[in-house]
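In: build me a model from this:
(one chain, ligands or ions: 1)
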Amino acid sequence: APGPGAARHALDADGDAAAWRSPPVLPVPTRPLPWGDVNFLATSDTHGWLRGHQHNTWPEPNYSGDFGTFASFAEHMRAQADERGVDLLLVDAGDHHDGSGLVSTSPASAVAADNIFAQLTYDVLAIGNHELYKYESALDVYEHNQKGRWAGRYLTSNVNITVEERGRAVSVPVAERFAKFETRQGRRVTAFGVLFDFKAHDRNLTVQAPTKLAREAWFLDAIAEAPDFFLLVGHMPGRGLTSEWSPLFDAIRALHPTVPVFVFGGHTHVRDCVQYDDRSIALVPGRYLETIGFVSSSLPGAEDDGGALDMNRRYLDANDVTYQYHTGTDEDTFHTPVGRNISSALAQLAQELQIDIPFGTVPHDYFLARHPYGHPRSVLTLIAEKILPEVLEDQKRRGPRIIIGNAGTLRFDVFKGPFDRNDELTVSPFTSAFLYTRLPAFLATEVFAEMNRAGASKLLPTTAREDVEARATRIYNDWLADQWDEHVAATLLGADDDALAFGSPDKKPHTLGYVTRDACKGRGDDIPHIPVPFSRDQVDFIMSPPPDAPDDEVVDVVVMDFAMDDFLTAVHTVDPTSKLTLDDFEPYAEGTLVNAVFGKYASREWE
Ligand SMILES: O=c1ccn([C@@H]2O[C@H](COP(=O)(O)O)[C@@H](O)[C@H]2O)c(=O)[nH]1
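Out: Just a heads-up that it's a prediction; the model follows:
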């Protein structure tokens, strides 16, 4: 049976009552978790998906558990850990903001959603880049931390905020810089919370590069004494050339060659795992409350020979079938009071925000990345060719125009069936506005091509590493593309997907989902899946169809404000003599933000 969230749109998939009567059947896990002396449950990049995934188009049902059922799961897991005499810690690597109606309706709704999030006790949390695009978001984290929302466990080792204290502006850590605490089994932990060297943050916020953090006197002081293990939670990738963990890890290893180090990353939205050495493990637990990461490890005994520890990981699909299998519970015994409270608080918040009222009914699925840009069922094509040209209206400017925006503003698929404000904010949560200038049509088209050639600058975790696979969206897309290409190649070769079948024909995958290849031993995915189709032909920027005007005609060129710096850079690359600056732009369709264009279109075209 699907989780509670799946029911809401049970009519969506086929638009008839049959879908309601036969909700998707989820596969049951078959491998118990490999518990160790210390165990972790990890989330990251939840982006407000606290009500779980509510549509029936696959692979959505895999992720139908809401944050309340996750809380019930975590509580049962904690109780199991106590019974076994081992530790279980909960960690989260940031990016709570931007992504659903709960967190993206307004700053106040994001605060309310985070207050519900905080009903589940976490051991360590870190901040993400989406908490820093707007000063107010970071200020909220700062103020609620001061009021004890996360009980001293929200760690911002390298992120400061400028606030007013006694009439003076001072730069202070957004929350705690580090934490030292004891687990329930009495193990001493030293923990940090780190963000990658993020540049696109708002004013009055500071992010220190992890390389610099690793040289800070306070950091060296904090790691001087050996704990039973180090816990590094942070919003950055776990491995590859992009990994920014190495300076911190190296600083720890220089002092403590054998103390276990557990790293929990995020930002890239992938499932990933690597061991830096045989006493450390780094895990990235996906995105959007789709995946719960599980890590377990043996710990050195009294007579430590310094040898390898037994470290394991598992990626759990976030649904009630998974949760009940791994806790030996059933529908009657699974839900805990905290879990139920969280689920009903989320439902009540959604009701108050009025995000479940449909604008219209989508005739068929549109996918963010299953089709190439230009395909009629691509969300990118939909917004560029249909939605923006139709709903972006400026009463004073009726002439020909070209509209350019960043594809990163679009975050999810649009599914067949009722389309409501929650769906709208899910696909496009950002409050980007539109500005226009006047340029020859051919120049705008060339600038658009140059923007895609250069790529979106704001995706770079570090500007110094432009030439590597450092773009978070690219890492996620490449990960999906590799899964799909491998599946297609295997199918063409006539292989029977044995690699995915967990060695047994009756366990052959039959549902779409993630098929993870990472750098840790054994199989990470709890459930074997068939990968989701993916097209590599994606773009960083989208453009409306050029107007029916001569190439050299000067037209309105409308640009989404978030893409403005990349637009101006591209203008000066294409035409080095251009003097165009931001001052040459005026507001266009004032008051229309990108997070409201889908709803407008749905009310008109999908009613
Ligand atoms: O106002 C905004 C803020 C961000 N974006 C885009 O979001 C992604 C980054 O998101 P991650 O979840 O951290 O990967 C990037 O594509 C930004 O361009 C935006 O469009 N508008």
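In: show me what the helix or strand in which residue 82 is found packs onto, helices and strands only.
Out: Using DSSP states H and E, residue 82 sits within helix 67-84. On a contact count with 3 or more CB pairs under 8 Å, 6 or more residues apart in numbering; DSSP states H and E, helix 67-84 meets strand 38-43, strand 87-92, helix 320-327, helix 331-334, helix 337-353. Bear in mind the C-beta positions are built from the backbone N, C-alpha and C, glycine included.
In: tell me the mean pLDDT over it?
Out: Mean pLDDT, computed over helix 67-84, is 98.
In: same check on stretch 277-289?
Out: What stretch 277-289 shows for mean pLDDT is 97.
In: start to end distance for that stretch?
Out: End-to-end span of stretch 277-289 (CA to CA, to the nearest Å): 29 Å.
In: buried stuff in that stretch?
Out: Within stretch 277-289, the residues that count as buried by 16 or more other CB atoms under 10 Å are 279-289.
In: then the helix holding residue 82 to PDB, C-alphas only?
Out: The C-alpha coordinates for helix 67-84 follow below in PDB (Å, rounded to 0.1, in the frame of the first residue of the first chain):
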ATOM      1  CA  PHE A  67       7.700  13.500   7.300                       C
ATOM      2  CA  GLY A  68       5.300  12.200   9.900                       C
ATOM      3  CA  THR A  69       5.700   8.600   8.800                       C
ATOM      4  CA  PHE A  70       9.500   9.200   8.600                       C
ATOM      5  CA  ALA A  71       9.300  10.400  12.200                       C
ATOM      6  CA  SER A  72       7.500   7.200  13.200                       C
ATOM      7  CA  PHE A  73      10.200   5.200  11.400                       C
ATOM      8  CA  ALA A  74      13.000   7.100  13.100                       C
ATOM      9  CA  GLU A  75      11.400   6.600  16.500                       C
ATOM     10  CA  HIS A  76      11.000   2.800  16.000                       C
ATOM     11  CA  MET A  77      14.600   2.700  14.800                       C
ATOM     12  CA  ARG A  78      15.800   4.600  17.900                       C
ATOM     13  CA  ALA A  79      13.900   2.100  20.100                       C
ATOM     14  CA  GLN A  80      15.500  -0.800  18.100                       C
ATOM     15  CA  ALA A  81      18.900   0.700  18.700                       C
ATOM     16  CA  ASP A  82      18.300   0.900  22.400                       C
ATOM     17  CA  GLU A  83      17.200  -2.700  22.500                       C
ATOM     18  CA  ARG A  84      20.400  -3.700  20.600                       C
END
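In: what residues does it touch?
Out: Helix 67-84 is contacted by residues 3-4, 35, 39, 41, 43, 46, 50-52, 65, 87-88, 90, 116-117, 119-120, 184, 289, 292, 318-320, 323, 326-327, 329, 334-336, 338-344, 346 when judged by CB atoms under 8 Å, 6 or more residues apart in numbering.
In: for stretch 374-382, same thing?
Out: With contact meaning CB under 8 Å, 6+ apart, stretch 374-382 is reached by 364-373, 407, 410, 412-414, 427, 535, 537-539, 542.
In: same question for stretch 568-575.
Out: Residues outside stretch 568-575 that contact it (CB under 8 Å, 6+ apart) are 439, 443, 446-448, 450-451, 454, 457, 578, 580-582.
In: which of these scores worst on pLDDT?
Out: Minimum confidence in the contacts of stretch 568-575 sits at residue 457, scoring 80.
In: that one is in contact with residue 565, isn't it?
Out: Yes: contact status for residue 457 versus residue 565: in contact at 6.7 Å, counting by CB atoms under 8 Å.
In: okay, the two: which has more neighbours?
Out: Here residue 457 and residue 565 are compared on neighbour count by other CB atoms under 10 Å; more neighbours surround residue 457, at 17 against 14.
In: the nearest residue to that one once chain neighbours are set aside: what secondary structure?
Out: In space, residue 457 comes closest to residue 566 once its chain neighbours are excluded; the distance is 5.6 Å by CB to CB, 6 or more residues apart in numbering. Of the three states, residue 566 takes helix under DSSP: H, G, I helix; E, B strand; the rest coil.
In: now residue 130
Out: At residue 130, secondary structure determined by three-state DSSP is helix.
In: interface residues of this structure facing the ligand?
Out: Contact residues (CB under 6 Å from any ligand atom) of the chain with the ligand: 95, 129-130, 133, 267, 406, 408-409, 430, 432, 456, 458-459, 472-473, 562.
In: just the helices from the stretch 301-450 of the chain, written as ranges.
Out: Applying DSSP state H, counting those that start in this stretch to the stretch 301-450 of the chain gives helices spanning 320-327, 331-334, 337-353, 379-381, 388-391, 421-427, 441-454.
In: in a markdown table, list these along with mean neighbour count.
Out: Shown next, in a markdown table, are the helices of the stretch 301-450 of the chain (neighbours: other CB atoms under 10 Å):
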| stretch | mean neighbour count |
| --- | --- |
| helix 320-327 | 22 |
| helix 331-334 | 11 |
| helix 337-353 | 17 |
| helix 379-381 | 22 |
| helix 388-391 | 18 |
| helix 421-427 | 25 |
| helix 441-454 | 20 |
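In: which of those helices sits closest to residue 521?
Out: Of all these, helix 320-327 sits nearest to residue 521, with 20.1 Å by CB to CB.
In: next, the angle from the closest one to helix 337-353.
Out: Angle between the axes of helix 320-327 and helix 337-353 is 160 degrees (criterion: axes from the mean of the first three to the mean of the last three CA atoms, to 10 degrees).
In: using CSV, list the CA coordinates for helix 320-327.
Out: Output in CSV follows, covering the C-alpha atoms of helix 320-327 (Å, rounded to 0.1, in the frame of the first residue of the first chain):
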residue,chain,number,x,y,z
ASP,A,320,5.6,3.3,4.6
VAL,A,321,6.2,-0.2,3.1
THR,A,322,10.0,0.4,3.5
TYR,A,323,9.5,1.8,7.0
GLN,A,324,7.3,-1.0,8.3
TYR,A,325,9.5,-3.7,6.8
HIS,A,326,12.6,-2.4,8.5
THR,A,327,11.0,-1.9,11.9
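In: avg pLDDT for it?
Out: For helix 320-327, mean pLDDT rounds to 98.
In: need the residues that contact that helix.
Out: 1-4, 26-29, 32-33, 64-65, 69-70, 72-73, 76-77, 80, 292, 316, 329-331, 334, 526-527.
In: can you flag the buried ones in those?
Out: Among the contacts of helix 320-327, those scoring as buried are 1-4, 26-27, 29, 33, 64-65, 69-70, 72-73, 76-77, 80, 292, 316, 329, 334, 526-527 (criterion: 16+ other CB under 10 Å).
In: re the thing from before, gap between the residue nearest to residue 457 and residue 573?
Out: Distance, residue 566 to residue 573, by CB to CB, to the nearest Å: 10 Å.
In: and after the helix or strand hosting residue 141, which helix or strand comes next?
Out: Element membership for residue 141 (DSSP H and E) is helix 135-146. Sequence-wise, the next helix or strand downstream of helix 135-146 (DSSP H and E) is strand 154-155.
In: chain center to that next one, what's the gap?
Out: Per CA atoms, centre = their mean, to the nearest Å, the displacement of strand 154-155 from the mean C-alpha position of its chain is 18 Å.
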